[in-house]
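> Compute the structure for the input listed below.
(4 chains)
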Protein chains: 2
Amino acid sequence: MVAQPSARERLLDAAEHLAFTQGVAATPVDVILKQANVAPATLYAHFGNKEGLIVEALRRRLTRWDQDWQLEVDAATTAQEKLLAVFPALSRYRSGPATARWCAFLSVAAESPHPSQLLDEALRSDTELLIERLHELAVPVVGIGEAQGLAERLALILTGVLGMMLRAADPDKVIADGHATAKTIIEATAVSTTP
Amino acid sequence: MVAQPSARERLLDAAEHLAFTQGVAATPVDVILKQANVAPATLYAHFGNKEGLIVEALRRRLTRWDQDWQLEVDAATTAQEKLLAVFPALSRYRSGPATARWCAFLSVAAESPHPSQLLDEALRSDTELLIERLHELAVPVVGIGEAQGLAERLALILTGVLGMMLRAADPDKVIADGHATAKTIIEATAVSTTP
DNA sequence: GTCTATATCAAGATAGAC
DNA sequence: GTCTATCTTGATATAGAC
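Predicted coordinates for the structure are as follows:
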């Protein structure tokens, strides 16, 4: 007999699976509870309210994304490949248990024009990780002077890849397009800094 | 005494202003009715239900976007400037009456994992306009062979610009970043086709 | 901590008069 | 077509027992 995950874990799993594929507002608490096989009071005892559950699910998600991305960075050999590793990392991440229709963080941000402080922090931590790690990885490729600008352009491209998934596009193709676009931008930036 | 717009127009104005800045699900019908100074039954007589109102607001929005974009294309002189005109068009569009937090179409798509046929058509018409016009404008710049691929990469960049607005970024700066990124991509594609 | 049952509330939609 | 008033539903959260 297999040990069942705790009610807390089951709730997080269900919330992640449902809210980030169907949308948070479109996912009633009842449905999460049924999927997790957990009683209402248990949810509120653990997380306070629906938003608390979502915030915690986002945090757990960011940890997985951080790890998956770092794995791909470590696996890459050249500095340019490490900078581009965010695209294979996205493929890896999406093939794992962390299902989402496009991006859990952008999705919640889109649904929450006035987020609470707790939620806002969870959302910002995703963007901060994205920009900061891209910046670090960009320095060896284009130098400190161009690294911030390049990081922002790459974040824009990755965000575009995620957004294109809402336009009924094939995810694998879009990731490949983004990868190719980013490579062109990196090389154009690198050329301009090493004449 | 100024003639007041019809109840229908007032409803569309209010729906556009509220639902596309706050989110559709986060905007109760009551609030739209109050802003439009219209009674509930009038809304349902004109549009059937809330979704009907949103669909109609999206359609009207796409017409405006189409016009604003075409204006900027016509104002541009070179073929490359016409292809890049989508970025100044976005600035123009956002400075007009059609307010939105990021993009009304992507926002509704994000909130609607299982759209009705009517809504799905309204959403797809936006993506179709985007890709098709970019394709037309790309042909004189990079030739028929590369035009489709370039159009898709530019759509990805524009979608990235819109998505970055959810990451608490400055809209004007993001549009400028996208413009510069697109210019690099276009020139890299043009170079590879005219050796 | 977890359950069943339920209170509370907000939102979409409609009835019926004018 | 438009108004006031209201019906109905569905969702979040809580009460109280075990």
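
> and the closest residue to A:V31 other than its chain neighbours, what is it in contact with?
Computed as CB to CB, 6 or more residues apart in numbering or on different chains, the closest residue to A:V31 that is not its neighbour in sequence is A:L18, at 6.2 Å. In short, each C-beta sits where N, CA and C put it, glycine included. Counting by CB atoms under 8 Å, 6 or more residues apart in numbering or on different chains, A:L18 touches A:T27, A:V31, A:I32, A:Q35.

> try A:S192
Under the criterion of CB under 8 Å, 6+ apart, the neighbours of A:S192 are A:E146.

> what's the helix or strand for it?
Using DSSP states H and E, A:S192 sits within helix A:171-193.

> Ok, A:R10 next?
Per DSSP H and E: A:R10 is located in helix A:7-22.

> Get me the contact residues on chain A for DNA strand C.
A:S6, A:A7, A:R8, A:N37, A:V38, A:A39, A:P40, A:A41, A:T42, A:A45, A:H46 (CB under 7 Å from any atom of the strand).

> cutoff 10 Å now
Neighbours of DNA strand C within chain A, by CB under 10 Å from any atom of the strand: A:4, A:6-8, A:10-11, A:30, A:33, A:36-46.

> List the buried residues for the helix holding A:S192?
For helix A:171-193, the neighbour count (16 or more other CB atoms under 10 Å in any protein chain shown) marks A:171, A:174-175, A:177-186, A:188-190 as buried.

> Which residue lies closest in space to A:G178, excluding its sequence neighbours?
Using CB to CB, 6+ apart, the nearest residue to A:G178 is A:V161, at 3.8 Å.

> mind listing the helices for chain A?
Using DSSP state H, the helices of chain A run over A:7-22, A:29-36, A:40-47, A:50-75, A:79-84, A:86-95, A:104-111, A:117-142, A:144-164, A:171-193.

> Looking at the ones you listed, which is nearest to B:F105?
Nearest to B:F105, of all the helices of chain A, is helix A:144-164, at 10.6 Å by CB to CB.

> State the mean pLDDT of that closest one.
Average pLDDT, helix A:144-164: 98.

> Now that helix - C-alpha only, PDB.
Extracted in PDB, the C-alpha atoms of helix A:144-164 (Å, rounded to 0.1, in the frame of the first residue of the first chain):
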ATOM      1  CA  ILE A 144      28.700  43.900 -18.300                       C
ATOM      2  CA  GLY A 145      27.700  47.000 -20.400                       C
ATOM      3  CA  GLU A 146      25.200  45.200 -22.600                       C
ATOM      4  CA  ALA A 147      24.100  42.500 -20.200                       C
ATOM      5  CA  GLN A 148      21.100  44.300 -18.700                       C
ATOM      6  CA  GLY A 149      19.600  45.300 -22.000                       C
ATOM      7  CA  LEU A 150      20.100  41.900 -23.500                       C
ATOM      8  CA  ALA A 151      18.500  40.200 -20.400                       C
ATOM      9  CA  GLU A 152      15.500  42.400 -20.800                       C
ATOM     10  CA  ARG A 153      15.200  41.600 -24.500                       C
ATOM     11  CA  LEU A 154      15.500  37.900 -23.800                       C
ATOM     12  CA  ALA A 155      12.800  38.200 -21.100                       C
ATOM     13  CA  LEU A 156      10.600  39.800 -23.700                       C
ATOM     14  CA  ILE A 157      11.200  37.000 -26.100                       C
ATOM     15  CA  LEU A 158      10.500  34.300 -23.500                       C
ATOM     16  CA  THR A 159       7.300  36.200 -22.400                       C
ATOM     17  CA  GLY A 160       6.400  36.300 -26.100                       C
ATOM     18  CA  VAL A 161       6.800  32.500 -26.300                       C
ATOM     19  CA  LEU A 162       4.500  32.000 -23.300                       C
ATOM     20  CA  GLY A 163       1.900  34.500 -24.700                       C
ATOM     21  CA  MET A 164       1.900  32.900 -28.100                       C
END
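
> tell me what that helix is packed against?
Packing partners of helix A:144-164 (3 or more CB pairs under 8 Å, 6 or more residues apart in numbering or on different chains; DSSP states H and E): helix A:86-95, helix A:104-111, helix A:117-142, helix A:171-193, helix B:144-164, helix B:171-193.

> Please identify the buried residues of that helix?
Neighbour-count burial for helix A:144-164 flags A:146-147, A:150-164 (criterion: 16+ other CB under 10 Å).

> So which of the helices of chain A has the densest surroundings on average?
Greatest average neighbour count among the helices of chain A goes to helix A:104-111 (a mean of 25), per mean count of other CB atoms under 10 Å in any protein chain shown.

> close to chain B, is it?
Yes - using CB under 8 Å from any CB of the partner chain, we find that helix A:104-111 touches chain B at A:L106, A:S107, A:A109, A:A110, A:E111.

> wait, what's in contact with the second one?
It refers to A:S107. A:F20, A:G23, A:V24, A:A100, A:R101, B:A110.

> circling back to that earlier point, the residue nearest to A:G178 against A:D177, yeah?
Yes - using CB atoms under 8 Å, A:V161 is in contact with A:D177, at 7.4 Å.

> Need the overlap of contacts for the two.
Going by CB under 8 Å, 6+ apart, residues that sit against A:V161 and also against A:D177 are B:L156.

> what's next to stretch A:144-155, contact-wise?
The contact list for stretch A:144-155 (CB under 8 Å, 6+ apart) reads A:83, A:86, A:127, A:130-131, A:134-135, A:138-139, A:141-142, A:182, A:185-186, A:189, A:192-193, B:164, B:167, B:177, B:180-181.

> okay, stretch A:44-59 in CSV with CA atoms only?
This file holds the C-alpha atoms of stretch A:44-59, laid out as CSV (Å, rounded to 0.1, in the frame of the first residue of the first chain):
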residue,chain,number,x,y,z
TYR,A,44,-8.8,26.9,5.3
ALA,A,45,-6.9,25.5,8.2
HIS,A,46,-3.7,25.1,6.1
PHE,A,47,-3.9,28.1,3.8
GLY,A,48,-6.3,30.6,5.3
ASN,A,49,-8.2,31.1,2.0
LYS,A,50,-8.2,30.4,-1.7
GLU,A,51,-5.6,33.0,-2.4
GLY,A,52,-3.3,31.6,0.3
LEU,A,53,-3.4,28.2,-1.5
ILE,A,54,-2.7,29.8,-4.9
VAL,A,55,0.3,31.8,-3.5
GLU,A,56,1.7,28.6,-2.0
ALA,A,57,1.2,26.7,-5.2
LEU,A,58,3.0,29.5,-7.1
ARG,A,59,5.9,29.4,-4.7
